[in-house]
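> Fold the following and give me the result.
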Amino acid sequence: MKHFINVETTEVFGFESDGSQDMLITDDMIEMTKDQFLAYQQYPSKYHKFNVNTMQWEISKSAKVRLDEELADSDKDLALQRVATLRAECDRDILPLQDAVDLDEATPEEVERLKDLKRFRIALNRWEHPEEIPKLD
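Residues are numbered from 1 along each chain as shown. The predicted structure follows:
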């Protein structure tokens, strides 16, 4: 298989190596080496454009800003999901301990664990900064 890239559209086409499809190769196509084709397949993001002169993916400064903003939003979404998961786990762990305390059946260790979990839940509820997710001590 040999690969050609259309210099105007940056579309890549594969043709049989035996020459049986050479009549489909147009003047606005150039042949790619195996390494160039592999580089083309490594599509970094929707903000990158393939440069047919250098045969590499490139990104403009303005597109890089948009990509960085998108990644930051993605990181914040992941952090929000993580905090929600921690909150749910905390709630799950508090319930049986609170029952034991309410019925005066909790051990001193369970009472202390309940206090720690409630402090942690308060910290999670007050959380505002993705880079500083609270940790349970």
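
> any weak-confidence spans in this structure?
Along the chain, the parts satisfying pLDDT under 70 run over 129-134, 136-137.

> What helix or strand is the residue most central in space within it located in?
Closest residue to the average C-alpha location of the chain: residue 74 at 6.5 Å, with C-alpha atoms, centre = their mean. Using DSSP states H and E, residue 74 sits within helix 61-102.

> that older thread, distance of the residue nearest to the centre of the chain from residue 81?
11 Å (C-beta to C-beta, to the nearest Å). Quick note: C-beta positions are derived from backbone N, CA and C, even for glycine.

> Also residue 28?
Counting by C-beta to C-beta, the gap from residue 28 to residue 81 is 46 Å.

> And residue 4, which helix or strand is it part of?
Residue-wise, residue 4 maps onto strand 2-6 under DSSP H and E.

> Any buried residues in that strand, and which?
Residues 2-5 are the ones in strand 2-6 that count as buried (16 or more other C-beta atoms under 10 Å).

> How about stretch 71-86?
79, 83, 86.

> Reformat these as JSON lines; add distance to residue 92.
Listed next are the buried residues of stretch 71-86 as JSON lines, based on distance: C-beta to C-beta, whole Å:
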{"residue": "79", "distance to residue 92": "20"}
{"residue": "83", "distance to residue 92": "15"}
{"residue": "86", "distance to residue 92": "11"}
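
> Out of the residues you listed, flag the one nearest to residue 119.
residue 86 (13.1 Å; C-beta to C-beta).

> Am I right that that closest one is in contact with residue 124?
Yes: counting by C-beta atoms under 8 Å, residue 86 touches residue 124, with 5.8 Å between them.

> show me the contacts for residue 121.
87, 90-91, 94 (C-beta atoms under 8 Å, 6 or more residues apart in numbering).

> That one: what secondary structure?
helix (DSSP: H, G, I helix; E, B strand; the rest coil).
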